[in-house]
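# give me a 3D structure for the following:
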Amino acid sequence: MLLTAKLRTHLRRNAATSERGEVNHRPVVKFFLPGTSAIWLFTELAADDDTLFGVCDLGHGTPELGYASLAEIQSLRGPNRLLVERDRSFQSTKPLSEYAAEARRHGRIVA
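Below you'll find the predicted structure:
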């Protein structure tokens, strides 16, 4: 399971806060696809329980801020059919905008 109930609640709360005004949340969760360079950092989950917002890096050197589908991420398969995993040790240390700026400078998410 990529998102626990606690993480979903935190992500949804961030989304609700963002709808009321501009907020620069710290990422709540980091996903990665083993055997690849794909990494995602997310701050929000929409009410549809599928649309996530954050920095997305598919490993092609062009990370970007944007939206992603949780269902699509869960359907991805890496080498040897490995599934996307949540980095359980991830602790965000700065707001999403700083991760995004750093990712653009380096051509990849550094977290």
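# if you count neighbours, what's buried in the helix or strand harbouring E72?
Element membership for E72 (DSSP states H and E) is helix 70-75. Buried positions in helix 70-75, judged by neighbour count with 16 or more other Cβ atoms under 10 Å: L70, I73. Placement of C-beta: from N, CA and C, glycine included.
# quick one: list the elements packing against that helix.
Helices and strands touching helix 70-75, by 3 or more Cβ pairs under 8 Å, 6 or more residues apart in numbering; DSSP states H and E, are strand 51-57.
# just the buried positions in the strand it packs on, please.
L52, F53, G54, V55, C56, D57.
# just the strands in this structure please.
With strands called from DSSP state E, the chain shows them at 29-32, 39-45, 51-57, 64-69, 85-86.
# what sits against the residue located most distally from the centre of the chain?
Centroid-distance maximum for the chain: N80 at 22.9 Å, with Cα atoms, centre = their mean. Residues in contact with N80 (Cβ atoms under 8 Å, 6 or more residues apart in numbering) are G35.
# what of S37?
S37 touches D57, L58, G59, R108, counting by Cβ under 8 Å, 6+ apart.
# buried ones from these, can you make that a PyMOL selection?
Buried members of the contacts of S37 can be picked out in PyMOL with the line below, counting by 16+ other Cβ under 10 Å:
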select buried, resi 57+58+108
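# of all the contacts of S37, which two lie farthest apart?
The distance between the two most remote of these (Cβ to Cβ) is 10.1 Å, for L58 and R108.
# so for R8, which of the strands of the chain sits nearest?
Nearest to R8, of the strands of the chain and by Cβ to Cβ, is strand 39-45 at 6.1 Å.
# and that closest one, what does it pack against?
Using 3+ Cβ pairs under 8 Å, 6+ apart, strand 39-45 sits against helix 5-19, strand 29-32, strand 51-57, helix 96-106.
# out of these, which comes closest to L45?
helix 5-19 (3.5 Å).
# same question for that closest one, mean pLDDT?
Mean per-residue pLDDT for helix 5-19: 96.
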